[in-house]
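Novice: prediction below, plus the sequence it came from.
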Amino acid sequence: MGLANFSTGLSGLQASQRALEIVSHNVANANTPGYHRQIAHLATRRPSELQNLAIGTGVDVTTVRRMVSEFLEGLLRDGEQTRSATGTMLEGLRQLEGILQPGENGIDKLLNDFFVAVEELARKPEDLGLRRILLVRGAALTNRIRELDGDITGLASQLELDLKNSIAEINARARRIAEINVLIQRSEVRGIEANDLKDQRDQLIRELAQLADVRVSPGELGAKNVLIDGGLLVGGSEASDLRLIRNPISGRIEVKIANSETVLSVTGGRLGASLLVYNDRLKPFLAALDDLARGLAHSVDKIHSTGLGLNGGFDFVSGVRAVSDIGIPLEQSVKDWPLRPGRLFISISSTTTGQRELHSITVDPEVDSLSDVANAISAIPHLQAVVDPQLGRLQIIAEPGYRFDFAGLLPTQPPVSNMTGSAVVGLGGVYEGSENDELTFTIEGSGTVGLSPGLRVAVTNSTGGLIGSFSIGAGYEPNTFIEVGKGIKVKFSSGTVNNGEFFRTPVVGNADEVGLLVAAGIGTFFDGNSASTLDINPELKNAPELIAASRTGIAGEGRNLQRIIRIRNEPVMDNNRQTLEQFYSELVGNLGIEVRTLEQLKNGQDLAIERLEAERQSISGVDPNEELVSMMQFQRQFEMSAKYISILNDVLESLVNIL
Amino acid sequence: MDLRVTLQTMIQRALANTRRQTDRLGVLQEQAVTGKKIEAPSDDPPAYVQLLGLRTSLGQLSGHLGNVQVAEQTLEAQVASLRQVSDILSKARQLGQEALHGSNDKASLQAIAMEIETLLERMADQANQKHLDRFLFSGASVQTMPFEVIKDDHGRIIGAKYHGSTQEADVPVGLLSNITTLISGDEIFESKERQKTFYTGRTGAKAGTGTDSGTGLGRLSVRHVATTYALGSGVQPGASSAAKDSIIGPLGAHNLRIIDDSGTGAFGRVSLNGGGEIAFTNADVDLKVVGPNGEVVYVDMSAIVPGFNGTVAIQSDGEMSIDDGATWSPIAFVQDQILADSRNGAVTHVDSREIRRVGVDEIEYIGAFDAFEALVALRDDVLNKRELSAGENAQALSRRMAELERIHNHVLQLVGEQSARLATLDGLKKQYEDKKLLLEKAAAEVEGADLVELAIKLQEQQTLLASALAATARVLQVSLLDFLR
């Protein structure tokens, strides 16, 4: 027994003090994010050998162990990364869903209101009040589409800001990790466990994982490297910056690292999810909204531009849509509207005599420019067309005393140069077919209309098919219309006709085979070429009488509206596969499905992470009760060691007194 | 391995679970407040898409249904007006019968004519009826007054001019079906059963073989142009011949018989068509010779061939007019000669072979009277405005009655057609209403929340949340610290 025995007691005192400190550290960090419970590792000192005895010399705190399961931490990191991605995506898409505002102000409701207003006007096409209502409904629809486009664009900008923030956060964390790596390396070199630094780094990595799909690999001397799609974000003590680049061609936002030009594929975490929402959800949604706007405008305008308002034809009309260049072929200068080679029928009517002529121009979009079209229109008697090179717009003007339209109505008198008899031919009615055709009227037999027996007129279509043969001889009342079919009527005045003589007339169901009127915005209901520019044609705004409700210009006739009503059930969207409403409903439905799926996914992920977190807590968490027990345990150890020293002191004092 | 459960674990678990419970409670509460289980597409995407489809169909259906109702109202108004027209025509036929078979004193005929005039006024009123600010009988030209009533200087109606459209107006009552609501007035008030044109008069004109296009009553005027005599007798047209001769006919249709009693051409006798002989001298340069039927020629007898005894064939050229003398056509003496009315372009085919004297023939374009023309003609014939003989007038009245009957039948037929359309609309309306009800029910099922189920779930959720909170509070209360000391 010697003085060394004091040191045994001292070691007890010191060890319990250290252990108490660790307990207090644990308790203090019980709520610190990323903190791992620490445990003091006690070990007996090497015993002193005395005679044949090995006598213990006390205790040492050999290490302070961090209670951590790297496997679990990895799982948790991955889980949080996917949950964060799901959450971000859900957040973005929920906002999009919120913007759509289904219900009273939804596109579906406004589309319905628009078509119902068309139908209501068809009841009383001459009613200016109903015409105004249609304009109001049309404006509500276009305003909503524009608003929606603006809101989604706003959401995209907000997301872009989020992306920038995410990048900044990632870069800041990467730099911090690199710094901590250095500190850890310094500790480890000296053989000191850098527990708290590792906790800090792990927490940073966890946060990083919530931002992007990072992979972690061990580096030298306790350092950790962080990789993002193979790009080295943190390599030991070095950190590289991520940067955002907008692809000038596709408009997509891409992520690149340091000076590398390789586009990183970031799919996880907030960054990955934001990129996905921005590039693959919002942008396509905006494109789909453009499609919807164009689909609506094209299908309505196509019909509207070939109808007639309450005032009949135009004396002047100015296109509201522009081409990019009036001198290059239309196919290159018109991007938003489909064009096909074909004819454009233009009718000229005299306001004094009421005589109506039907002309046509042929347009090949691959060859003809807007200027060429204007020249072709100017070649028609009494018409003048000009294009404004700055604005890229077409204007058509009629000579005083004439009006023009694109309704494709029959000429009042067909060209009858082949007819040598004295009977005068008249045409009437409105062609009800949808395809353009040419009818030939051939006289069978010679004689006097309304008198000669067996006198007939045979009507054939352009393919030579017989439509019908009608008596114009004995029994026919001269100058009364004969119904030929498909709405066409013909009459002959009293007079002579000769066998085999004929005349032809085009019958027009689609006055604009080219699609030019829509592309140039002539006589259209809408203006604009995209969701952000769609509006009511400004010419109509204060002139509801210009709504082309009819095909004849007669006030109470609403056949053109009936054609517009039918659009509702026609597959005008998605390569003629869906109606407008189906297209929108699929768009919204798909969004709904995705939000719903993400919600379910996130619920699952939440549960999985809760379980992992519980397991992590089970290993690394601080339990106050447990710490309390440890504290009491080490308190007692301290007391016992102190008592031992006191006793040893008493013993030694007794010994000294003996001497 | 048993899990170490720390305070953190307990707090996190409590938080996560109460959050979940609150979320569910929130969803249920919103459903209970709005009564809808689908607010956003993500609430139930397939149901949402289904709902949009149902709403589209409902929107279309309500549009069609509104149109059906408007079409129904319009047709009802039109049918009501047509019934009035039918009543007017019935009354007119009754008055015609009275005129034909009743006492024929002038005063009562005047009274009948007055009543017909009132009927004409009523007819004009009905023909220009409006419904919902649209003319009912103007076809698609709903803002144009269809019938302009034309009156004579005494304020009596003499006809009506149609200004409406021949184009019908229709209303879409389905995606592909339209229903004609406003038919052209031209079609309604006009009878289109043209028959052979009837001539009354003494010119000898008859209906030609071709189809006429005149309507109502007309007049064929025949006037004399020039008379020429076959050579050999020396007789010449008198000074008044061109203006006053009343005979018309090709060479030989009329004959002059001359007997030169003097043998020198100084005096003799002359007769027309075998009529009474008149003495003449060679001083007669404008001698009026009257035939057996009152026909007249003026002759110049100053150059009679001495000793001429015999018959001289006469050719008398004339002209015809169908537009009261506005335009004249030479008489060609053919089976079918076409005359055009310069006022409206209508043509009349005349068999001019038998025209023998000047005069004015009354023409009736049988089966081509419009309702106004028929009533005007009836009124005028009741008063015998054309001054026909009693027998002719009675026949004319009979023809007016037949005309009215035809028009009446036509109107009744239209009433039938429009009523049939009404019935179709009624069927369509019922069909749409049923369909709408079904769709609304389907939409309510898809969209609406089941309130009973909701109440139970809400209660359940509330209880769950309360117990979760209570359990958490209880567990967190327990600490070792409470048991130490």
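Specialist: Here it is on my side, so go on.

Novice: ok, now which ones touch residue B:291?
Specialist: By CB atoms under 8 Å, 6 or more residues apart in numbering or on different chains, the contact set of residue B:291 is B:247, B:254, B:272, B:273, B:274, B:275, B:297. Where you see a C-beta, it was placed from the backbone N, CA and C, and this is true even at glycine.

Novice: let's see it at 6 Å
Specialist: Shown in contact with residue B:291 (CB atoms under 6 Å, 6 or more residues apart in numbering or on different chains): B:272, B:273, B:275.

Novice: how close does the residue nearest to the first one when sequence neighbours are not counted get to chain A?
Specialist: This means residue B:272. Nearest non-adjacent residue to residue B:272, counting by CB to CB, 6 or more residues apart in numbering or on different chains: residue B:291, 3.9 Å away. Per CB to the nearest CB, to the nearest Å, residue B:291 is found 34 Å from chain A.

Novice: which residues touch whichever residue of the stretch 401-550 of chain A sits closest to chain B?
Specialist: Of all residues in the stretch 401-550 of chain A, residue A:451 sits closest to chain B, at 3.4 Å by CB to the nearest CB. Going by CB under 6 Å, 6+ apart, residue A:451 touches B:210, B:336.

Novice: do you know the pLDDT at it?
Specialist: We have a pLDDT of 90 for residue A:451.

Novice: what's the PyMOL syntax to select whichever of the contacts of residue B:291 are buried?
Specialist: This is how PyMOL selects the buried members of the contacts of residue B:291, with burial counted by 16 or more other CB atoms under 10 Å in any protein chain shown:
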select buried, chain B and resi 272+273
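
Novice: wait, is residue B:108 part of a helix?
Specialist: Yes - membership of residue B:108 in a helix is supported by DSSP: H, G, I helix; E, B strand; the rest coil.

Novice: gap between it and residue B:384?
Specialist: Distance, residue B:108 to residue B:384, by CB to CB, to the nearest Å: 14 Å.

Novice: who has more neighbours out of these two?
Specialist: residue B:384 (18 against 14; other CB atoms under 10 Å in any protein chain shown).

Novice: residue B:392 is in contact with that one, correct?
Specialist: No - using CB atoms under 6 Å, residue B:384 is not in contact with residue B:392; the gap is 9.1 Å.

Novice: how about low-confidence regions in the stretch 51-200 of chain B?
Specialist: B:103 (pLDDT under 70).

Novice: what about the helices in it?
Specialist: Using DSSP state H, counting those that start in this stretch, the helices of the stretch 51-200 of chain B run over B:106-127, B:185-188.

Novice: out of those, which one sits most buried?
Specialist: Highest mean neighbour count of these: helix B:185-188, a mean of 22 (counted as mean count of other CB atoms under 10 Å in any protein chain shown).

Novice: which residues are contacting it?
Specialist: Residues contacting helix B:185-188 (CB under 6 Å, 6+ apart): B:137, B:138, B:146, B:162, B:164, B:166, B:414.

Novice: and the fifth one, how far is that from chain A?
Specialist: Distance of residue B:164 to chain A, given as CB to the nearest CB: 10 Å.

Novice: verify the contact between that residue and residue B:141 for me.
Specialist: Yes - using CB under 6 Å, residue B:164 is in contact with residue B:141, at 5.0 Å.

Novice: and the stretch 451-600 of chain A, which residues reach chain B?
Specialist: By CB under 6 Å from any CB of the partner chain, the part of the stretch 451-600 of chain A that sits against chain B consists of A:451, A:475-479, A:494, A:554-557, A:562, A:565, A:569, A:581, A:585, A:588-589, A:591-593, A:595-596.

Novice: and the residue of chain A that's closest to chain B?
Specialist: Counting by CB to the nearest CB, chain A gets nearest chain B through residue A:592, at 2.7 Å.

Novice: and that residue, which of the three is it?
Specialist: Residue A:592 is classified as helix under three-state DSSP.

Novice: so what's it up against?
Specialist: B:41, B:42, B:45, B:48.

Novice: give me the element the residue nearest to residue A:635 when sequence neighbours are not counted is part of.
Specialist: Residue nearest to residue A:635 in three dimensions, not counting chain neighbours: residue A:20, with 7.0 Å by CB to CB, 6+ apart. Using DSSP states H and E, residue A:20 sits in helix A:4-28.

Novice: ok now that helix, how far from the chain's centre?
Specialist: 65 Å (CA atoms, centre = their mean, to the nearest Å).

Novice: show me what that helix is packed against.
Specialist: strand A:38-44, strand A:59-66, helix A:624-658 (3 or more CB pairs under 6 Å, 6 or more residues apart in numbering or on different chains; DSSP states H and E).

Novice: quick one, the shortest one and strand A:59-66 angle?
Specialist: Orientation note: strand A:38-44 sits at an angle of 150 degrees relative to strand A:59-66 (axes from the mean of the first three to the mean of the last three CA atoms, to 10 degrees).

Novice: paired strands for strand A:38-44, with orientation please.
Specialist: When pairing is defined by DSSP bridges, strand A:38-44 lines up against strand A:59-66 (antiparallel).

Novice: which element is encountered next along the chain beyond the strand it pairs with?
Specialist: helix A:70-100.

Novice: quick check: buried residues in that next one?
Specialist: Neighbour-count burial for helix A:70-100 [16+ other CB under 10 Å]: A:72-73, A:75-97, A:100.

Novice: what's it packed up against?
Specialist: Secondary elements touching helix A:70-100 (3+ CB pairs under 6 Å, 6+ apart): helix A:195-211, helix A:269-276, helix A:580-620.

Novice: what's in contact with the first one?
Specialist: Applying CB under 6 Å, 6+ apart, the contact partners of helix A:195-211 are A:33-36, A:38, A:66, A:77, A:80-81, A:84, A:166, A:169-170, A:173, A:176-177, A:180, A:183-184, A:214, A:216, A:269-271.
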